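Asks: Generate coordinates for the sequence data below:
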Amino acid sequence: MEHRKRIIPVVILLVVALGAYYLYSTYIAQRADTNTVSGFIEGEEIGVAAEVAGRIEAITVDEGALVTAGQELVRLDRAMLNAQIAQAQAALDTAKAQLAQVQAGARAEDIRQAEAALAQAVAARDGAKQSWVNTQAVRDNPQELDARIATAEAQFKAAKYQLEAAQANAISARTRVDAAGGVDQVRVDGKVLVNQWWAAEAAVQAAQATVEGAQRGLQILQDMRARPLTLNTQVDAGKAQYDAAVSAVNIAQARLDALKAGATKEQIAVAQAAVKQADAALGILQVQASKMTLKSPVNGIVTRRIAHLGEIAAPNATLLSVTNLDTVKLTIYVPETQIGEIKIGNEFPVKVDSFPTKTFTGKVIFIATQAEFTPRNVQTKNERVNTVFAVRLQLANPNQELKPGMPADAALK
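Replies: Residues are numbered from 1 along each chain as shown. As a prediction, this is how the structure comes out:
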């Protein structure tokens, strides 16, 4: 009996200890269950759209493809734009060449040509002045006109005598050639006769031209004497020709002076402005060309492909969607009894079923200011609390292991 009495307290102690252990284990399990919240991995989706219209020439990726930042996704046709760029490049090269020429100044050859043009203009001016003076002298002194007519008549007669002598010489030379058997039959030694005959014929043509020129000059002088009033008109015409020749000399002199002095600051500024304008025009086209190739803005995955090859892409119309995988987010729902313990910047361990042995770190970047009921799509482990606050965690994902839609659990410390 006494033995039983001693056993009962021991049994009671064991029962109490087991009960305490059970309660403690249940509390720990419940606490651990309360500190774990769940959600789904989310990625930031970025739409890829064309800034300019164009026909889609190539699409280099499909839905689900992993892409890197800067990778080409869509290419628009730029054949016409390439032609415009080539034209603008040629215009820029021309403007640069003109600027270089202006800055370098005139070449020695250009200066020599300008000097020759000036000398020619001076000679023309002097000749025009002498002609004007002669016409004035004839008008003011009729005896001078008679003397010039007499001289012209003598020159005309002398020219006629020279023509007759040349014609006789040509006939004689032709006779000697015919006596030698003609042009086709003449022997080698007789070719001298043929050459003499050709020279005589050329002399006849020259003498004929001299006669005609002398005759025209004589006719002009005779008309002047027959119609003396026309002399006033000729004097005025001579004066006008002289004034025009003087202007030509001034222009030639100014051009020569400008070449020797080199380009002015204004001329250089104009040439520089032309280069800047051509360069800007080329730059605009090059920027447009760069917009004809659409590249991925981030490292991620192609989640949507809307465009098709050969379609016309409209400006600002989304062609592809890329979800950023370098950094992902996890939205969890924290019971109101624990929300006071969470601050912006807190970090919590996060686990996903796909990598059960790996722990990721989530940093709090957002805490909702208004409570809500637990969303149906979130399988929270705490079924006793229905009012929760949305908390968003940001997770670094350098290896792109976390994918949008993966369920994840965050352990709240």
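Asks: contacts, neighbours, all on C-alpha from now
Replies: Noted.
Asks: in what helix or strand does the residue nearest to the spatial centre of the chain lie?
Replies: Residue closest to the average C-alpha location in the chain (C-alpha atoms, centre = their mean): residue 282, at 1.8 Å. Under the criterion of DSSP states H and E, residue 282 resides in helix 265-290.
Asks: Check which helices and strands that helix sits against.
Replies: Helices and strands touching helix 265-290, by 3 or more C-alpha pairs under 8 Å, 6 or more residues apart in numbering; DSSP states H and E, are helix 79-104.
Asks: Now do the helix it packs on: which elements does it pack against?
Replies: If you count contacts as 3+ C-alpha pairs under 8 Å, 6+ apart, helix 79-104 packs onto helix 265-290.
Asks: Buried ones in whichever helix or strand comes after the helix it packs on, by neighbour count?
Replies: Heading C-terminal from helix 265-290, the first helix or strand you meet, by DSSP H and E, is strand 293-295. The neighbour-count check on strand 293-295 (16 or more other C-alpha atoms under 10 Å) flags 293-295 as buried.
Asks: Using CSV, write down the CA coordinates of the next helix or strand after strand 293-295.
Replies: Following strand 293-295 in sequence order, the next helix or strand is strand 300-305 (DSSP H and E). Coordinates of each C-alpha in strand 300-305 appear next as CSV, following Å, rounded to 0.1, in the frame of the first residue of the first chain:
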residue,chain,number,x,y,z
GLY,A,300,14.5,39.1,-68.1
ILE,A,301,12.0,36.8,-69.9
VAL,A,302,9.7,37.5,-72.9
THR,A,303,6.2,37.1,-71.4
ARG,A,304,4.2,38.3,-74.4
ARG,A,305,4.8,38.6,-78.1
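Asks: any idea how far the lengthiest helix in the chain is from the chain center?
Replies: In the chain, assigned by DSSP state H, the helix with the most residues is helix 142-179. Mean C-alpha position of helix 142-179 versus that of the full chain (C-alpha atoms, centre = their mean, to the nearest Å) differs by 72 Å.
Asks: So for it, what gets flagged as buried?
Replies: Quick answer for helix 142-179 (16+ other C-alpha under 10 Å): 145, 148-149, 152-153, 155-156, 159-160, 162-163, 165-167, 169-170, 173-174, 176-178.
Asks: Where does pLDDT dip in this protein?
Replies: Regions of the chain meeting the criterion pLDDT under 70 cover residues 1-34, 105-107, 138-146, 180-194, 221, 223-231, 374-386.
Asks: In it, what residue spans correspond to helices?
Replies: Using DSSP H, the helices of the chain run over residues 2-34, 79-104, 108-140, 142-179, 182-185, 191-226, 230-261, 265-290.
Asks: Nearest to residue 323, out of those helices?
Replies: Closest to residue 323 of those is helix 265-290 (C-alpha to C-alpha; 22.8 Å).
Asks: Break this protein into its domains for me.
Replies: Per automatic domain parsing, the domain ranges recorded for the chain read 35-77+299-413, 85-104+266-289, 108-262.
Asks: Can you check the distance spanned by the longest one, start to finish?
Replies: When you say that, I think you mean domain 35-77+299-413. Counting by C-alpha to C-alpha, to the nearest Å, you get 7 Å between the two ends of domain 35-77+299-413.
Asks: How about the last one?
Replies: Between the opening and closing residues of domain 108-262 lies a distance of 12 Å (C-alpha to C-alpha).
Asks: Also stretch 327-342?
Replies: The separation between the terminal residues of stretch 327-342, taken as C-alpha to C-alpha, is 21 Å.
Asks: tell me how far that stretch is from the chain's mean position?
Replies: The answer for stretch 327-342 is 53 Å, by C-alpha atoms, centre = their mean.
Asks: re the thing from before, return the angle between stretch directions for the longest helix of the chain and helix 191-226.
Replies: With axes from the mean of the first three to the mean of the last three C-alpha atoms, to 10 degrees applied, the angle from helix 142-179 to helix 191-226 works out at 160 degrees.
Asks: and helix 142-179 with helix 108-140, angle?
Replies: 120 degrees.
Asks: Give me the helices and strands touching helix 142-179, please.
Replies: Using 3+ C-alpha pairs under 8 Å, 6+ apart as the contact test, the elements touching helix 142-179 are helix 108-140, helix 191-226.
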